[in-house]
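Chemist: Return a 3D structure for these sequence lines:
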Amino acid sequence: MKNLQSTTTLHNGVKMPWFGLGVFKMKEGEEAVSSVKEAIDAGYRSIDTAAIYGNEEGVGRAIKEASVPREELFITTKVWNSNQGYETTLAAFEESMTKLGLDYLDLYLIHWPMPAKGKYKETWKALEKLYKDGRIRAIGVSNFHVTHLEDLIADCEVVPMVNQVEYHPRLTQVELHEFCKQNKIQLEAWSPLAQGKLLDEPTLAKIGEKYGKSVAQVILRWDLQNEVVTIPKSVKPERMKENADIFDFELTTEEMTLINGLNEDRRVGPNPDEFNVE
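Modeler: Reported below is the predicted structural model:
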């Protein structure tokens, strides 16, 4: 992981950047367009959106107007809960592609398992079809626990390449991470900074002082050294640059252990077993 363009290789051989920009809560229109373009200008190559974020059109416009060619970018979006099911997922994918203005997608994820709905296997079949048809370079899931993954893998033809989950020093998801490694599923962190709740954590501040880095930079570096893809969100150009300035230092084994020890199994988002919002 030498720089912002460094990649991990997914189990199907596709290269995915270790670091990207999340656009959750980014306003559709000018904010999304300018933020994504700023990120690309700053060296970001991975952009993560979702149908429910309501900003796919802005992201698409930014890609079109970007300073780098489309094939150098890695674009992710997600199918929302109300569209789970085989035909509805295929239709939702086409709608996302129209909004993004793309002819292929790099990564498509099932946003939540929605266990009460019981449709994620049907949804996955639709993702497998789109993958086999060459419309998507890689497919995966988001917010899946080990139980959901085991259930899905038992019947699927293509094992998910990515599982994007809430992951930060207060929620290290050790068992899930281990399961993903064993099954060659790349773990990806959403809300890596626990929505700002960790920024005054003394242990992290002390480590940051040693390297002349912010708490956010220490956390994001910890993600990468734990081999977790990370996608912090920011609309401020200076914050985007700061978040990405993590390739010139390395945490020691002791520091990694200290940060791992901050785990409290505490979420800032919902528990996927209980989240069934459409």
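Chemist: mind listing the helices for the stretch 1-150 of the chain?
Modeler: For the stretch 1-150 of the chain, the helices defined by DSSP state H, counting those that start in this stretch cover 30-41, 56-65, 86-100, 120-132, 146-155.
Chemist: Now the element after the last one, going C-ward?
Modeler: Right, helix 146-155. strand 162-166 (DSSP states H and E).
Chemist: Could you name the helices and strands sitting against that following strand?
Modeler: With contacts defined as 3 or more C-beta pairs under 8 Å, 6 or more residues apart in numbering; DSSP states H and E, strand 162-166 has these neighbours: strand 105-110, strand 136-142, helix 174-182, strand 186-190. Any C-beta I mention is one placed from the backbone N, CA and C, and that applies to glycine too.
Chemist: Run through who's touching the second one.
Modeler: This points to strand 136-142. Residues from elsewhere that reach strand 136-142, judged by C-beta atoms under 8 Å, 6 or more residues apart in numbering: 10, 12, 14, 16, 78, 104-113, 120, 124, 127-128, 130-131, 148-149, 152, 158, 160-165, 185-186, 190.
Chemist: Show me the helices in the stretch 151-278 of the chain, by range?
Modeler: 174-182, 202-211, 215-225, 237-244, 253-260.
Chemist: Residue 16 and residue 231 touch, don't they?
Modeler: No. Taking C-beta atoms under 8 Å as the definition, residue 16 is not a contact partner of residue 231, at 10.8 Å.
Chemist: Which one of the two is surrounded by more residues?
Modeler: residue 231 (26 against 23; other C-beta atoms under 10 Å).
Chemist: dump the residue contacts of that one.
Modeler: Applying C-beta under 8 Å, 6+ apart, the residues near residue 231 are 19, 20, 21, 22, 46, 48, 164, 188, 189, 190, 192.
Chemist: mind checking pLDDT for residue 25?
Modeler: With respect to pLDDT, residue 25 has a value of 88.
Chemist: who are the neighbours in contact with it?
Modeler: 53, 233.
Chemist: could you redo the last one with a cut-off of 10 Å?
Modeler: 31, 53, 54, 55, 233, 235 (C-beta atoms under 10 Å, 6 or more residues apart in numbering).
Chemist: The residue located most distally from the centre of the chain and residue 255: what is the separation?
Modeler: Using C-alpha atoms, centre = their mean, the residue of the chain lying farthest from its centre is residue 210. It sits 28.8 Å away. Per C-beta to C-beta, to the nearest Å, residue 210 is found 8 Å from residue 255.
Chemist: cool, and residue 173?
Modeler: 20 Å.
Chemist: if I read this right, residue 248 contacts residue 4, doesn't it?
Modeler: No. The criterion here is C-beta atoms under 10 Å, and residue 248 misses it with residue 4 at 11.6 Å.
Chemist: which stretches of the stretch 151-278 of the chain have low pLDDT?
Modeler: By pLDDT under 70, the stretch 151-278 of the chain contains no weakly predicted segment.
Chemist: gap between stretch 202-213 and the chain center?
Modeler: On the basis of C-alpha atoms, centre = their mean, to the nearest Å, stretch 202-213 sits 25 Å off its chain's mean C-alpha point.
Chemist: same deal with stretch 185-192?
Modeler: With C-alpha atoms, centre = their mean, you get 5 Å for stretch 185-192.
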